[in-house]
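J.: predicted coordinates and the sequence they were generated for:
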Amino acid sequence: MRRFAGAVALSVGIALSAYADEPGAAIASAVKLAHVYPDVPSDIDELQAYAIQATVVKDAYRNEIAGYKAGLTSAKTQQRFHVNQPVLGVLPASGQLSTGATLAMVPGLKIEVEIGFLVGDGDRPVAIFPAIELPRLDYADMKQVTLSDIVATNVSAYQFISGPTTTPPDPNVRSLEVSLDKDGKELFSAFGSDALGDPLQSYAWTVNKIRSLGYELKPGMVVITGALGRVTDAEPGTYLAHYGPLGELKFRIKGSDDALQAPRQ
């Protein structure tokens, strides 16, 4: 479990922090209670949205983070939100699960098959692992969601499953084929290249973004690099993700009325 050293202020300085407090507090409350995300002001820019995100991370997670995530890493999702680059989110330590986890349905829950890396000295990726991200896209109206909404709500970070690490990272991970099954039936297959052309390239982008925003990155933290294939609506059932030589991840989603029972790392 990692903490930021000092405040999670952005590199743009204190000037944006007061602006971020009010919408940040409202979003942090929605994160903690798994409620619908409130809208953010329509006139904010990217840096202001990241300032709100930093407030959310501080208030909702108490700065206890496992690492970071890249979002909007495919051309299709970037076109949807009229952008030409990914976005950065922060992964809460409380949301990190192990393979075999059982978790409850919540509104807006999605499933993303991803590749993760373990951060080493000098920001280098020292190991690779299979990952499933389980973001919570609980917006009042998805058609009205903007880039600022996505960034300010911490790119919908909620939970993620991390598998065992393999060292060293595969330099040809972009060619890795992955697939996701539900109750024994394949839902889709995809390749590592779906994440910004190469998960290692997505990793490099994410590290640069972390540094540019003033967030802290330490050895032992993780970076997950974006959805491979389609983002899938979560439904109750048993899921198995295949990652070729990286192994498999299995998890189960229970109905929304069931209690959450999931082993944590």
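T.: Happy to help now that I have it. Computed from a predicted structure; not experimentally measured.
J.: residues contacting Leu240?
T.: Contact analysis of Leu240 by CB atoms under 8 Å, 6 or more residues apart in numbering lists 180-181, 248-250. C-beta coordinates here come from the backbone N, C-alpha and C atoms, glycine included.
J.: same thing with Pro168?
T.: Contact analysis of Pro168 by CB under 8 Å, 6+ apart lists 126-128.
J.: out of these, which is nearest to Ile210?
T.: Ranked by distance to Ile210 (CB to CB), the contacts of Pro168 are led by Val126 at 16.4 Å.
J.: neighbour-wise, which one of the contacts of Leu240 leads?
T.: Leu249 (26 neighbours; other CB atoms under 10 Å).
J.: can you give me the pLDDT of that one?
T.: On the pLDDT scale, Leu249 is placed at 98.
J.: report the contact partners of it.
T.: With contacts defined as CB under 8 Å, 6+ apart, Leu249 is in contact with 99, 130-132, 161, 163, 240-241, 243.
J.: mind listing which of these are in strands?
T.: When the contacts of Leu249 are checked against strands (DSSP state E), the matches are 130-132, 161, 240-241.
J.: as TSV, the contacts of Leu240 with secondary structure would be great.
T.: Putting those into TSV (DSSP: H, G, I helix; E, B strand; the rest coil) gives the following:
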residue	secondary structure
Leu180	strand
Asp181	strand
Glu248	strand
Leu249	strand
Lys250	strand
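J.: can I get the residues you listed in CSV including distance to Ala234?
T.: What follows is the contacts of Leu240, written out as CSV (distance: CB to CB, whole Å):
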residue, distance to Ala234
Leu180, 11
Asp181, 14
Glu248, 18
Leu249, 14
Lys250, 15
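J.: number of residues surrounding His82?
T.: Around His82 there are 8 residues (other CB under 10 Å).
J.: from Thr73, how far off is the nearest residue to it once chain neighbours are set aside?
T.: Leaving out its chain neighbours, the residue that sits closest to His82 by CB to CB, 6 or more residues apart in numbering is Leu147, at 7.4 Å. Plainly put, Leu147 is 14 Å away from Thr73 if you go by CB to CB, to the nearest Å.
J.: specify the local secondary structure of the residue positioned nearest the centre of the chain.
T.: Centroid-nearest residue in the chain: Lys69, 4.1 Å away (criterion: CA atoms, centre = their mean). Three-state call for Lys69 (three-state DSSP): strand.
J.: for the residue nearest to it when sequence neighbours are not counted, list the residues it contacts.
T.: Once flanking residues are discounted, Lys69 sits nearest to Gly89: 4.4 Å by CB to CB, 6+ apart. The contact partners of Gly89, by CB under 8 Å, 6+ apart, come to 53, 68-71, 154-157.
J.: Ala75: neighbour count?
T.: Ala75: 12 surrounding residues under other CB under 10 Å.
J.: actually Ala25, not the one I typed
T.: Count around Ala25 with other CB under 10 Å applied: 16.
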